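[1] Build me a model:
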Amino acid sequence: MHSSLRRPRLMPTRQLAACAWVALAAALWLPTGDAAAQDGPLAPVTSEPLRQPANLKMHGAIFAAGAATIATVGALQSQLAPASCRWCDLHDDGTDALNGLDRAVRDALLWQHPDTASTVSDALAFGVVPASVLGISAWAAHAEGQGDDIKVDMLVIGETVVLAANTAEFLKLATARLRPHAHARALGEPVTVAPGSSDNLSFSSGHVAFAFAMTVSAAEVATLRGRRRAAGWIWGVGLPAAAAVGYFRIAGDRHYLTDVLASAGIGAAIGYFLPRVVFKVRPPGSPPGARVTVAPLLSGSLIGVSCAW
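    Below you'll find the model as predicted:
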């Protein structure tokens, strides 16, 4: 018999432990001395692999601030969580207003013992995905004689993960969507998941955003580094594992399909774009330092504007 508070308190703890684990990994690999002081833009992507991101110290500070924020929010989740839902999927008279897609998928995927599925999702998101994705990344760098790059790679991936996790947490608090098991309980349906302080934090899924952000960012970093075979392995191992996280979050009655899809999109988008911003990747053929210049132009009785780039 589960106590009414055990599951809701365990979930933030696992998220906090996962973020601390990522922070520790990045701290262990963080470059020191001259390596950390080399700032400045890189050349466009060519046959030569990337070596050093621009503004490394700034991105390290962003990572540290993001990790501290997600840790603080996780520790204070019971106090920050809305006491009532704003997105309840209920009509004013208390009847069901849930969309048909979320209802059908929940009915099809819900496990008889949802707490077990939720535990599996914890293990996948905060164990299998990081171990496999970061392991492949580190192994590929060592195998190609680029061991020094691992320090920066871990920082970039860690920054992506904390930004995606913070985005997911902000959306949880802002939308205050009723979780599936809490919604079913409000309708008088039998549920086995104990109520708790996180009942109004369904949208979006931190687990799914975490898993997709880590997978996509690691694959993108490997691609930018020129390690395309490693990127293929990351896609092949990480994406199915991240998708499985989404499945088990639904099977565990913690999230709806729309929660999972939105979270996967958030994690994948941040995972794709942030490494390219960090490394300042420019489109092929773009000259270094291209910029737009606007200046007044006087010609006889005509006044105009001259633009050059």
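
[2] quick one: low-confidence parts of the stretch 201-309 of the chain?
    Applying pLDDT under 70 to the stretch 201-309 of the chain picks out residues 281-309.

[3] just the helices in it please.
    206-224, 228-251, 257-278 (DSSP state H, counting those that start in this stretch).

[4] Buried residues of the first one, list them for me.
    The neighbour-count check on helix 206-224 (16 or more other CB atoms under 10 Å) flags 206-224 as buried. For every residue, glycine as well, the C-beta is placed using N, CA and C.

[5] Same question for stretch 188-204.
    Result for stretch 188-204 [16+ other CB under 10 Å]: buried residues 191, 193-194, 196-204.

[6] now stretch 163-172
    163-169, 171-172.

[7] before we move on, what about stretch 111-131?
    So for stretch 111-131, counting by 16+ other CB under 10 Å, buried means 111, 114-115, 117-122, 124-126, 128-130.

[8] got the residue ranges for the helices in the stretch 51-200 of the chain?
    Under DSSP H, counting those that start in this stretch, the stretch 51-200 of the chain gives helices at 56-75, 77-80, 100-109, 114-123, 129-143, 149-175, 180-186.

[9] Now for the residue nearest the centre of the chain: which residues touch it?
    In the chain, the centroid-proximal residue (CA atoms, centre = their mean) is A164; its distance is 3.2 Å. Each residue near A164 by CB atoms under 8 Å, 6 or more residues apart in numbering is listed here: 209-210, 212-213, 266-267, 270-271.

[10] would TSV of those residues with distance to D102 be doable?
    As requested, the contacts of A164 are exported to TSV (distance: CB to CB, whole Å):
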residue	distance to D102
A209	18
F210	22
F212	20
A213	23
I266	18
G267	20
I270	24
G271	25
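
[11] can you tell me how far the residue nearest to the centre of the chain sits from G265?
    10 Å (CB to CB, to the nearest Å).

[12] Please apply the same query to V120.
    For V120, the distance to G265 (CB to CB) stands at 23 Å.

[13] repeat for P240
    In terms of CB to CB, P240 sits 17 Å off from G265.

[14] who has more neighbours, the two?
    Each of P240 and G265 has its neighbours counted (other CB atoms under 10 Å); G265 has more, 14 against 11.

[15] thought L109 was touching Y247?
    Yes. Under the criterion of CB atoms under 8 Å, L109 makes contact with Y247 at 6.7 Å.
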